[in-house]
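Q: coords please:
(chains A, B, C and D)
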There are 4 protein chains.
Amino acid sequence: MTHATAFSINQQQLVCVASFLAKEGKTQALIAALASLIPATRREAGCIRYELNLSRDEPRRVTFVEKFVDIAAFEQHCAKDAIVHYFHQVMPELVESYHVETYHQVIV
Amino acid sequence: MTHATAFSINQQQLVCVASFLAKEGKTQALIAALASLIPATRREAGCIRYELNLSRDEPRRVTFVEKFVDIAAFEQHCAKDAIVHYFHQVMPELVESYHVETYHQVIV
Amino acid sequence: MTHATAFSINQQQLVCVASFLAKEGKTQALIAALASLIPATRREAGCIRYELNLSRDEPRRVTFVEKFVDIAAFEQHCAKDAIVHYFHQVMPELVESYHVETYHQVIV
Amino acid sequence: MTHATAFSINQQQLVCVASFLAKEGKTQALIAALASLIPATRREAGCIRYELNLSRDEPRRVTFVEKFVDIAAFEQHCAKDAIVHYFHQVMPELVESYHVETYHQVIV
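A: Numbering: from 1, shown residues only, chains lettered A, B, ... in the order given. This is a model prediction of the structure:
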């Protein structure tokens, strides 16, 4: 590269990567629990992307790649009954550890 | 939920989440280095998505969300001169730690 | 603009825009018929995008925006029983006119 | 299909399909003109997708597939100097006919 690629940050839209490591023997139950969140989330007006992925490298890891129109839409999503229920009731039974991180996209 | 959400795994397409933690003071240089990889990668015939994101939670973290048509396309991408150069020459100067994980999407 | 934007054509991936104008009074039935094709299509290994849209300008128009990993994947999709059934059995009852056009993406 | 697929309409996000038929001999110039609109549009905070495509069926047709976070974001896009310039100054020289249609996505 002989010149810099111009970039900017989209400060409005919100990207989230939410990764969950299933307890031993709980991966299928975890995928099922997370998959059950998808249809309603995709109906949220502010949802751009809500894709679930199963790791090829760590067979117990399941990771959402998410994008919302703005932070308010993401916070509304996080406050939905099904999401709160997952984090408070389901996750403690199925998940050994997890990490949720939010981002703004770098636009090129 | 009174019934299970049916799901399947797309075993062909390849998702990658590649996350890099910049050394102190190197975040802007890291974003620039990673952004410079985007135009050529998006021209690869097998590239579906190659989006760079800057963390809101850890200001030194920069993460690619990637999708390719299949594993071969991903491996061809990883073997490109610019990618090899980044991992061997650029990354050691700019990055404190990193994690690359590949996935298959769970389809609902 | 004082300089040209470089572009190339992705000759591998296949984009399709398939637009259907419902007969009078048949729009809801058409949406339902087309929506019923979505879950199975999204499970096809070569499906990247299969999104249905309802026009704001012509209330009887319903349009798929589609992307597949390559032409073979698109042709396999088109040969699926449910798709053939739609074009041969369902569409004649519900659709006044339609237009299907395939594309290659211009990459910038 | 033994049961209906539930669907809803995302009334917030805005999809646009904008299709242009180049005058004879003007296809490359049209692609270049439209491609030059892409980088700035992708930097708009409300832009979700702005993808240009070249028809395989009608070699003079070039079509944008677009998605914005809401109608206001789409209208702001349409009012940008570069877009107005394209429609008023560039298009009359390069385009034989065109069709722009806006949609709301049907969510399944």
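
Q: is stretch A:88-96 anywhere near chain B?
A: No. Using Cβ under 8 Å from any Cβ of the partner chain, stretch A:88-96 stays clear of chain B, with a minimum separation of 10.3 Å. Bear in mind the C-beta positions are built from the backbone N, C-alpha and C, glycine included.

Q: who touches that stretch?
A: Residues from elsewhere that reach stretch A:88-96, judged by Cβ atoms under 8 Å, 6 or more residues apart in numbering or on different chains: A:20, A:21, A:22, A:23, A:24, A:26, A:29, A:30, A:33, A:60, A:98.

Q: could I have the buried ones of these as PyMOL selection syntax?
A: Per 16 or more other Cβ atoms under 10 Å in any protein chain shown, the buried members of those correspond to this PyMOL selection:
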select buried, chain A and resi 20+21+22+26+30+33+60
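
Q: kindly list the longest strand within chain A.
A: Criterion DSSP state E: the longest strand present in chain A is strand A:95-107.

Q: where along chain A do the helices fall?
A: A:27-35, A:38-43, A:71-78, A:81-85, A:91-94 (DSSP state H).

Q: any chance of the ones you listed in TSV, plus mean pLDDT and distance to residue D:53?
A: Below are these laid out as TSV (pLDDT from 0 to 100; distance: least, Cβ to Cβ, whole Å):
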stretch	mean pLDDT	distance to residue D:53
helix A:27-35	98	31
helix A:38-43	98	24
helix A:71-78	98	28
helix A:81-85	98	36
helix A:91-94	98	41
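
Q: go through those helices and pick out the most buried.
A: Neighbour counts (mean count of other Cβ atoms under 10 Å in any protein chain shown) averaged over each of those peak at helix A:27-35, with a mean of 19.

Q: is it anywhere near chain B?
A: Yes. Using Cβ under 8 Å from any Cβ, helix A:27-35 reaches chain B at A:31, A:32, A:34, A:35.

Q: for the second one, give me its contacts.
A: For residue A:32, the contacting residues are B:4, B:5, B:7, taking Cβ under 8 Å, 6+ apart as the criterion.

Q: cool, and the first one?
A: Listed by Cβ under 8 Å, 6+ apart, the contact partners of residue A:31 are A:52, A:54, A:62, B:7, B:106.

Q: residue A:56 contacts residue B:105, doesn't it?
A: No. In this structure residue A:56 lies outside contact range of residue B:105 using Cβ atoms under 8 Å: 11.2 Å.

Q: looking at the two, which is more packed in?
A: Neighbours per residue, other Cβ atoms under 10 Å in any protein chain shown: of residue A:56 and residue B:105, the larger number sits with residue B:105, 21 against 16.

Q: which residue sits closest to that one, ignoring its sequence neighbours?
A: residue B:10 (4.7 Å; Cβ to Cβ, 6 or more residues apart in numbering or on different chains).

Q: now the one you found: how far from residue C:12?
A: 17 Å (Cβ to Cβ, to the nearest Å).

Q: compare neighbour counts for the two and give me the winner.
A: residue B:10 (22 against 17).

Q: quick check: phi and psi on that one?
A: phi -80, psi 100 (degrees, to the nearest 10).

Q: what's near enough to touch it?
A: By Cβ under 8 Å, 6+ apart, the contact set of residue B:10 is B:104, B:105, B:106, B:107, C:43, C:45.

Q: let's see it at 6 Å
A: B:104, B:105, B:107, C:45 (Cβ atoms under 6 Å, 6 or more residues apart in numbering or on different chains).

Q: now the residues you listed in JSON lines, with pLDDT and distance to residue B:90?
A: Formatted as JSON lines, the contacts of residue B:10 follow (pLDDT from 0 to 100; distance: Cβ to Cβ, whole Å):
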{"residue": "B:104", "pLDDT": "98", "distance to residue B:90": "29"}
{"residue": "B:105", "pLDDT": "98", "distance to residue B:90": "29"}
{"residue": "B:107", "pLDDT": "98", "distance to residue B:90": "35"}
{"residue": "C:45", "pLDDT": "98", "distance to residue B:90": "34"}
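
Q: nearest to residue B:70, of the residues you listed?
A: residue C:45 (8.8 Å; Cβ to Cβ).

Q: how about that closest one: what's its closest non-neighbour residue?
A: residue B:12 (3.9 Å).

Q: quick check: that neighbour touching residue B:70?
A: Yes. In this structure, residue B:12 is within contact of residue B:70 by Cβ atoms under 6 Å, at 5.3 Å.

Q: is residue A:14 in a bridge, and if so with what?
A: With DSSP bridges as the criterion, residue A:14 is bridged to residue A:68.
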